Structures are given as C-alpha cells and as structure tokens.
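Colleague: Sharing a model prediction with you, sequence too.
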Amino acid sequence: MSTFRSIVFASVISGFIVGLIVTVVQQFGTVPLILKAEVFEKAAETHQHDAQATAQPAAAGHDHAAHDHGDHDHGAGDHDHGTGAWEPRDGFERNAYTAAANVLTAIGFALLLAGFFAVRSGATGARVSWHEGLMWGLAGFAVFTLAPGLGLPPELPGVPAAPLLSRQIWWLAAVLATAGGLALIAFRRSVPAAIAGVILLTLPHLIGAPELANIETNVPSSLTHQFVTAVTVTSLVFWTLLGGLTSAVFARFDQRA
C-alpha cells in the first residue's frame, strides 16, 4: 500500500507541475501557430462558401428578389452549421481547458513512469535517481512523439489528413513497436534481441503511415514546418521534465515509506 501511495502522490505532484509548465511553453510556441493556421482555415471556408453561393443557379420560377433572399438564408444556415459545434472561447477559457488537458495527460504518463520506477526499485532494492528518470523520459519521448511523428507529423487546423481511424491504428502500432524494440535492445542485451529490436523499430515505417494522395490547403508549408518543430521541442521538454521530476518525487516518497 505504501508503494501505491508513493506512485499516486508522485504522479499527481509531478503531473500537475509539468502540465502547468508545458502550458506556459505552449503559449509561446504552438498556440500562436495554431491561431495563425485558424485564420487561413476560416478564410478558406469563407472562400468556399462564397464560391458555392455564386455558382448556385437561381430556382426556376423565382424572381430576383426571392433569389437574393434565398441565398441570404442559405448563407446563414451554413454559418450556423459550421459554428454549431461547441468550442471554448479564446482567452482564459481556452487556456484553462488546455492547462487541464495538459495536467491530466502529464498525470497519466507520470503514473506509467512511476509504475516502472516502483518495479525497478523493488527488483534492485536501489533508489531510482533523477538521471535514470531522465533516461526513461527520453524513452517516452522516443516512443510517443519521435517515432510516430516520423510518419504522422503534427497537423495544423486547415490541413487535410488521412481518415482518423487508419491514423490511430498506425500510431498505436508505431508506439507499441517502438516500445518493444527499445525494450529488447535495452534489457535483453544480446545480438538476436538487438536485431529483433531494430526490426521492430523500423517495421511501422517500412509499412508506411496512411496519407492522402493529394493535399490542397492554403496553410503555408513554412507554418507547418514551424509547428512540427514547436510541437517536437515542447514534447521533449514535457518528457524530460516528467521523467526527471517523477523519479525524484517518487524516490522521496518511496524512501519515507
């Protein structure tokens, strides 16, 4: 029970701190890029709606005034349909939801890391150092960000993508294969295991991630490249802080227990 408490307390404390730090980092990195992309996305939607309204033929038997009134109603209906889905308002509400999501995500991954630390500490009888936690954090970065991002880079609003289900399946396969490959290389420490690990690491990328044949978007490619870089750097900060802090806090609670 004491080990379980150590896992929970360390995860909640570390996840809360790291989640808030990452939220601040995002305000200077990914958030401005997302807001810029949303401007292009809304401009494209407006242009598409105007083109459809212009191309729509007048209904037979309607006079010019009725046609104008019909177009106006159609435009209002489209606008309501496009904005009918709820989304948080810009400013404090949006930032609050982002911070809550980051904190919950950090706590979830911290629970996973603390569980590994508990098994490691129980098997060796030695305390887990923050250096070892940092290495686990880098492994998490490789598994959950770096490997999947090679096939499915982060996407900005307004950029078309392959069907969601196929992307989710490939992402999960890449995560599991990368985790398995790193585990074989790090823990088995034999030539056959290393070869099997390398095969697992490369297999998802040899198969290839799902992608669209043609991508048409008015979002500049330079903005997309900046976003990929910002997301990757933010994720690196997230995982290094989470690994090092979770290991240090867990060791403190575990020592008291």
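Modeller: Everything's here; your move. In this text, all values refer to a predicted model and were calculated from it rather than measured experimentally.
Colleague: So, low pLDDT: which residues of the stretch 1-150 of the chain?
Modeller: 1, 44-86 (pLDDT under 70).
Colleague: all strands for it, in order.
Modeller: In the stretch 1-150 of the chain, no strands are defined using DSSP state E, counting those that start in this stretch.
Colleague: Model confidence for the closest residue in space to A196 that isn't next to it in sequence, exactly?
Modeller: Of all residues not flanking A196 in the chain, L184 sits nearest, at 5.4 Å (Cβ to Cβ, 6 or more residues apart in numbering). To be clear about C-beta, it is placed using only N, CA and C from the backbone, and glycine gets the same treatment. Note for L184: predicted pLDDT of 95.
Colleague: give me the number of residues near L184?
Modeller: L184 has 21 neighbouring residues, counting by other Cβ atoms under 10 Å.
Colleague: That one reaches P192, doesn't it?
Modeller: No - assessed by Cβ atoms under 8 Å, L184 is found out of contact with P192, at 9.1 Å.
Colleague: for A43, what are its contacts?
Modeller: Contact analysis of A43 by Cβ atoms under 8 Å, 6 or more residues apart in numbering lists N218.
Colleague: Check which residues of the helix or strand containing L236 are buried.
Modeller: Assigning secondary structure by DSSP states H and E places L236 in helix 221-256. Under the neighbour-count criterion of 16 or more other Cβ atoms under 10 Å, helix 221-256 has 223-224, 226-228, 230-232, 234-235, 237-251, 253-254 buried.
Colleague: which residue ranges form the helices in this structure?
Modeller: 2-28, 30-55, 64-82, 92-124, 130-141, 147-151, 164-183, 191-207, 221-256 (DSSP state H).
Colleague: a markdown table please, covering the ones you listed and showing distance to A213.
Modeller: Below are these laid out as a markdown table (distance: least, Cβ to Cβ, whole Å):
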| stretch | distance to A213 |
| --- | --- |
| helix 2-28 | 32 |
| helix 30-55 | 20 |
| helix 64-82 | 26 |
| helix 92-124 | 33 |
| helix 130-141 | 31 |
| helix 147-151 | 16 |
| helix 164-183 | 14 |
| helix 191-207 | 17 |
| helix 221-256 | 17 |
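Colleague: roughly how far apart are the residue most central in space within the chain and T124?
Modeller: A centroid search over the chain (Cα atoms, centre = their mean) returns P154, at 7.2 Å, as the residue closest to the centre. As judged by Cβ to Cβ, to the nearest Å, P154 and T124 stand 37 Å apart.
Colleague: Repeat that for V22.
Modeller: 31 Å.
Colleague: Tell me how many other residues crowd A179.
Modeller: Neighbouring residues of A179 were enumerated by other Cβ under 10 Å; the total is 18.
Colleague: Not counting sequence-adjacent ones, nearest residue to it?
Modeller: V143 (4.9 Å).
Colleague: and that neighbour, what does it touch?
Modeller: So V143 contacts 175, 178-179, 182 (Cβ under 8 Å, 6+ apart).
Colleague: cool, and A193?
Modeller: A193 neighbours (Cβ under 8 Å, 6+ apart): 184-185.
Colleague: What of T246?
Modeller: Neighbours of T246 in contact, by Cβ under 8 Å, 6+ apart: 10-11, 14-15, 110, 113-114, 117, 133, 137.
Colleague: Just send those residues back as CSV, with distance to W171 too.
Modeller: Putting the contacts of T246 into CSV (distance: Cβ to Cβ, whole Å) gives the following:
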residue, distance to W171
A10, 28
S11, 24
S14, 25
G15, 22
A110, 21
L113, 20
A114, 24
F117, 26
G133, 25
G137, 20
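Colleague: Please pick the buried ones from those residues.
Modeller: 10-11, 14-15, 110, 113-114, 117, 133, 137.
Colleague: and of those, the nearest to A96?
Modeller: G15 (16.7 Å; Cβ to Cβ).
Colleague: Would you agree N95 is in contact with Q26?
Modeller: No - counting by Cβ under 8 Å, N95 does not reach Q26; the two are 9.2 Å apart.
Colleague: Please say which of those two ends up with more neighbours.
Modeller: Set N95 next to Q26 and count neighbours by other Cβ under 10 Å: Q26 wins out with 22 against 16.
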